[in-house]
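Trainee: one predicted model, sequence on top.
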Amino acid sequence: MQVLRCFPKQEIINLSVSLGRGGEACIYTVPSCGDLVAKVYHKPTVAHANKLQAMLANPPENPTASLGHISIAWPLDLLRSKDQDNGIIGFLMPRIRGMRPIIDFYNPRTRRDHCPLFNYQYLLRTARNLAAAFAALHNSGYCVGDVNESNILVSDTALVTLVDTDSFQVYDPDQNVVYRCPVGKPEFTPPELQNKIFAQHDRKVTHDSFGLAVLIFQLLMEGTHPFSGIFQGVSEPPPYEARIAAGHFTYSQKRQVPYLPTPIAPAWEMLHPKLQELFLRCFEDGHDHPHLRPNAQTWLSVLAEAEDSLITCTANPQHRYNHHLDSCPWCKRALRLGGRDPFPSPRAVENREHLRPRFVPKRRYAQRPRSPQPVRPQSQINHWQLPKYSVYQRQKNTKFYPAILCLVGFGVLGYLDVAIKFTRPYVSQNAYTQQTLITRPQPQPDTLTFADYYQQGHAAYQAKDYHKAVQHFSQAIEQTATNASAYVHRGNARYELRDYEGALADYNQALQINPQEVKAFIHRGNVRYMLAEYSHDPDREYNLAIADFSQALSLNDQETEAYIKRGIVRSEMARYSGHSVQDYQKAILDFTQAIRLNASKAEAYFHRGEIRYRMAQFSTNFIPEYQQVIADFNQALKINGNLAKVYLKRGMIRYELTQYAGQDSDRNNLKAIEDLQTAAKLSLEQEDTHSYQQAMSSICVIIESQCTALLKNSAMW
């Protein structure tokens, strides 16, 4: 595709390499400048052109310009069509590299995997930089509108970049026109806009302030949403949008809400007192009076004060906390999480201890302490804390250690010297032994081949070091640009980094090289399924994903994964389709075929059970169908007994059966509670906060009045 660039001089640009395709536009590399990308709309409109011109006429200030960093990926130049009408069809914008979505940093699991030394001070600095970017936009008269975690990128040094800026709400003062933001995510939407059609409402700074506060809360509270918690009502736990609309901030001080804080979330008191005050102003006072919500500049000032008041833990230099606390909250949290430190020490990271599975201590019996232990008064026990595990350590007498170590060292050296003298003649006479014992020289960087880079990329991928995997596969591609498998593997690594557009470009390139590359079709279908969540036209992405899975099956009808993935996409489409039953039946056929090909696929049984449950809602005789659902879940758990989501679903279905099953009601009720308790336990061990909250809320639904007592009783864990 050839387009016309207008500034600084007219220039024809040939756009041929796509980095990704969304529902509204396609992103291309710019051959003449590696620091720019081109965004070209599929169906450019006059509104697009006018909005872009208004944005270019009034760019916001870049708060991190002095650092050479771009905080807001603003349009830089217009792109026009090369034909006679010369219409605006897109724009140029900065190319952002080396950054990841903000969720990778406030989610403890992904932060530990990708950037383990990103400590609490870095999280505060990220929040500051985010507030600064919002303040710059608001000062120039713009609103983000669709505030969510997917259009905010963060670097390993806590720098922030807002992307997808052409979706922001733009006011054109010359034409007195507001170009609205037509989309929004419920979890970040203020109460006054819940269940509203966004395209019919002008966004205000107070609306952005709500979403900003949610993001800051998640950054500082280990990914916990401010409206998440254990539901204490007697019905199904409401979704986030209902909680926000009702003003049920879990940590409210002035009103009673039907939620208790999630026990595995950080303590509310851990936050700096002034930050607590701002969150209460936003989510409590600001519920009925949006103008009381703190603006971005207020957050910026208080976050700076909170960062200045940090002190360092004496046990772990990565533990930073505010000086109003008497002790380190992160040390306590590491104990509560069974040794899983949210901010591992440099030594632990160096030894890769932070990647080890969570430690679940075993109960010890008949183990007497060596010295009398003080009795802790019952009134001082915090029932909201999970069990604390203390390991007895014997007092060590280190007085003679240096001398002992020296003697041992000399002994080892003497032994090695004797061993070398006795074995050298035999080694020198044996060519095979020489080849085995002599260290092979490592290939120098300039002598590495395609196979070397490819192998290194594969090893990095297996070690979950996806950034390094991308680097090695890129080096392999530089050596041999016609290997489709290298593009597929680099696409897989980019997919794990949530770089869906980059992954899509790699799969496209692999299929250009080899149109018979089955895995490229399957993985491209997966990417398109993920892109549907962020697309203005999700049905289009779903249909493209189904087409990819179908193409893969036409090449190889034994691909179990293609059947499973196509079934998942079909079931997702069925939720909004006018032909839901027919679409669900197609999905069931896909899962059934996957099971015929490979009966050990727990995922296929689980998804088939889920679809059967949804179809039962259309039936008048649903109890036999519920039994089929339970049979599928039973089989999934027989294959893999650690699937928390399956226990959760089976528990809720068994509870529903108690309402209609007559004589079996009590038995189903007990089984339902047992399933939900198992789901909560597994979710806690797997650090799946969302499933844990669902399980605990569902238990509270079943046992109602006993909910508070249950949550206080930590013995069940």
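Mentor: Great, that's in hand.
Trainee: if I look at Ala296, how far off is Ala127?
Mentor: 11 Å (Cβ to Cβ, to the nearest Å). All C-beta spots, glycine's among them, are computed from the backbone N, C-alpha and C.
Trainee: compare those two (neighbour count), which wins?
Mentor: More crowded of Ala296 and Ala127, by other Cβ atoms under 10 Å: Ala127, with 28 against 22.
Trainee: tell me which helix or strand the more buried one sits in.
Mentor: Using DSSP states H and E, Ala127 sits in helix 120-139.
Trainee: with only the CA atoms kept, save that helix in CSV.
Mentor: As requested, the backbone C-alpha atoms of helix 120-139 are provided in CSV (Å, rounded to 0.1, in the frame of the first residue of the first chain):
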residue,chain,number,x,y,z
TYR,A,120,6.8,-1.1,45.8
GLN,A,121,8.7,2.1,45.2
TYR,A,122,8.6,1.4,41.5
LEU,A,123,4.9,0.8,41.8
LEU,A,124,4.4,4.1,43.5
ARG,A,125,6.6,5.8,40.8
THR,A,126,4.5,4.1,38.1
ALA,A,127,1.4,5.5,39.7
ARG,A,128,3.0,9.0,39.8
ASN,A,129,3.9,8.8,36.1
LEU,A,130,0.4,7.6,35.2
ALA,A,131,-1.1,10.5,37.1
ALA,A,132,1.3,12.9,35.4
ALA,A,133,0.2,11.6,31.9
PHE,A,134,-3.5,12.0,32.8
ALA,A,135,-2.9,15.5,34.2
ALA,A,136,-1.2,16.5,30.9
LEU,A,137,-4.1,15.3,28.9
HIS,A,138,-6.7,17.0,31.1
ASN,A,139,-4.7,20.3,31.1
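Trainee: what pLDDT, on average, does it get?
Mentor: Across helix 120-139, the average pLDDT comes to 96.
Trainee: who are the packing partners of the host helix or strand of Tyr529?
Mentor: Assigned by DSSP H and E, Tyr529 belongs to helix 518-531. Contact partners of helix 518-531 among helices and strands, from 3 or more Cβ pairs under 8 Å, 6 or more residues apart in numbering; DSSP states H and E: helix 484-496, helix 500-513, helix 538-555, helix 560-574.
Trainee: quick one: which of those is nearest Ala672?
Mentor: Smallest distance to Ala672 across those (Cβ to Cβ): 24.1 Å, for helix 560-574.
Trainee: ok, and what's touching the closest one?
Mentor: Helix 560-574 is contacted from outside by 518, 521-522, 525-526, 529, 532, 539, 542, 545-546, 549-550, 552-553, 580, 583-584, 586-591, 593-594, 597-598, 601, 603-604, 607-608, 610-611, 614, using Cβ atoms under 8 Å, 6 or more residues apart in numbering.
Trainee: so it versus helix 538-555, what angle?
Mentor: Inter-element angle recorded for helix 560-574 and helix 538-555: 150 degrees (by axes from the mean of the first three to the mean of the last three Cα atoms, to 10 degrees).
Trainee: quick one, helix 560-574 and helix 518-531 angle?
Mentor: Interaxial angle, helix 560-574 versus helix 518-531 (the same axes, to 10 degrees): 20 degrees.
Trainee: ok, then the element right after helix 560-574?
Mentor: Scanning forward in sequence from helix 560-574 by DSSP H and E, the next helix or strand is helix 580-597.
Trainee: quick one: mean pLDDT over that next one.
Mentor: Across helix 580-597, the average pLDDT comes to 91.
Trainee: buried sites along it?
Mentor: Buried residues in helix 580-597, counted by 16 or more other Cβ atoms under 10 Å: Ser580, Asp583, Tyr584, Lys586, Ala587, Ile588, Asp590, Phe591, Gln593, Ala594, Ile595, Leu597.
Trainee: just the CA coordinates of that helix, formatted as CSV?
Mentor: Taking C-alpha atoms only, helix 580-597 is exported to CSV below (Å, rounded to 0.1, in the frame of the first residue of the first chain):
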residue,chain,number,x,y,z
SER,A,580,-27.5,-19.4,20.4
VAL,A,581,-28.7,-23.0,20.6
GLN,A,582,-27.4,-23.9,17.1
ASP,A,583,-24.1,-22.2,17.9
TYR,A,584,-23.8,-24.0,21.2
GLN,A,585,-24.5,-27.3,19.4
LYS,A,586,-21.7,-26.6,17.0
ALA,A,587,-19.3,-25.9,19.9
ILE,A,588,-20.3,-29.2,21.6
LEU,A,589,-19.5,-31.1,18.4
ASP,A,590,-16.1,-29.5,18.3
PHE,A,591,-15.3,-30.5,21.9
THR,A,592,-16.7,-34.0,21.4
GLN,A,593,-14.5,-34.5,18.3
ALA,A,594,-11.5,-33.3,20.4
ILE,A,595,-12.3,-35.9,23.0
ARG,A,596,-12.5,-38.6,20.4
LEU,A,597,-9.1,-37.7,19.1
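Trainee: this completes my enquiry, with thanks.
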